[in-house]
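**Student:** A predicted structure for the sequence below; I have some questions about it.
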Amino acid sequence: EVQLVESGGGLVQAGGSLRLSCAASGFRFDDYAIGWFRQAPGKEREGVSCISSRDVYTYYADSVKGRFTISSDNAKNTVYLQMSSLKPEDTGVYYCAAEKFGCGGSFASWGQGTQVTVSS
C-alpha cells in the first residue's frame, strides 16, 4: 500500500523558512516522481514543485522559483521541500503525491497534507 506522510508545516512570519518532508512507503521509491502541491482556502490546488524518479530533473512553479528547493534522500525514502523567503500568498495546505509516470502524470497517490501559514 502506497503511503505518503507530510510533516514540517507550521506558522511562520513573512520572510521566514520552513522545510517540509514527505516520507514514502509501500512502493519502489526510486521509480516514482514525487510532487508537492498546495491548496489555499477558496482556491484550486496548484502544483508547486516536482522531482523525477532518480532525481533526473526538478520542476518549480514560477511563483516559487528561486525560493523553494526540492530534494530527495533515497536512503530515507523522503522528499523535502525547503521553503525560504516565504510570503503570505504561500499559505495553504501542502500535499505530496507520487506518480510512476513522471512529473507530468496524474499523481494517483496523495498524503494527508500539512498546513503552512505565513503571517504578514
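**Tutor:** The structure has been received and is ready for your questions. Residues are numbered from 1 along each chain as shown.
**Student:** what's across from residue 59 in the sheet?
**Tutor:** Residue 59 has these beta-bridge partners by DSSP bridges: residue 50.
**Student:** For residue 120, see how far away the spatially most central residue of the chain is.
**Tutor:** Centroid-nearest residue in the chain, with CA atoms, centre = their mean: residue 36, separated by 2.6 Å. Computed as CB to CB, to the nearest Å, the residue 36 to residue 120 distance reads 23 Å. In short, each C-beta sits where N, CA and C put it, glycine included.
**Student:** For the residue nearest to the centre of the chain, grab phi and psi.
**Tutor:** Phi and psi for residue 36, reported as degrees, to the nearest 10, are phi -110, psi 130.
**Student:** Can you check the pLDDT for it?
**Tutor:** At residue 36, the model reports a pLDDT of 98.
**Student:** who's in contact with it?
**Tutor:** If you count contacts by CB atoms under 8 Å, 6 or more residues apart in numbering, residue 36 has them with 20, 22, 47, 48, 49, 50, 70, 79, 81, 94, 95, 96.
**Student:** with those in mind, which one is nearest to residue 87?
**Tutor:** residue 48 (13.0 Å; CB to CB).
**Student:** Only C-alpha atoms, please: export the helix or strand where that closest one lies in PDB.
**Tutor:** Taking DSSP states H and E as the criterion, residue 48 maps to strand 46-51. What follows is strand 46-51, C-alpha atoms only, in PDB (Å, rounded to 0.1, in the frame of the first residue of the first chain):
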ATOM      1  CA  GLU A  46      -1.800  24.000  -7.700                       C
ATOM      2  CA  GLY A  47       1.500  22.300  -8.400                       C
ATOM      3  CA  VAL A  48       4.500  23.700  -6.600                       C
ATOM      4  CA  SER A  49       7.400  21.500  -7.300                       C
ATOM      5  CA  CYS A  50       8.300  18.000  -8.500                       C
ATOM      6  CA  ILE A  51      11.300  15.800  -8.600                       C
END
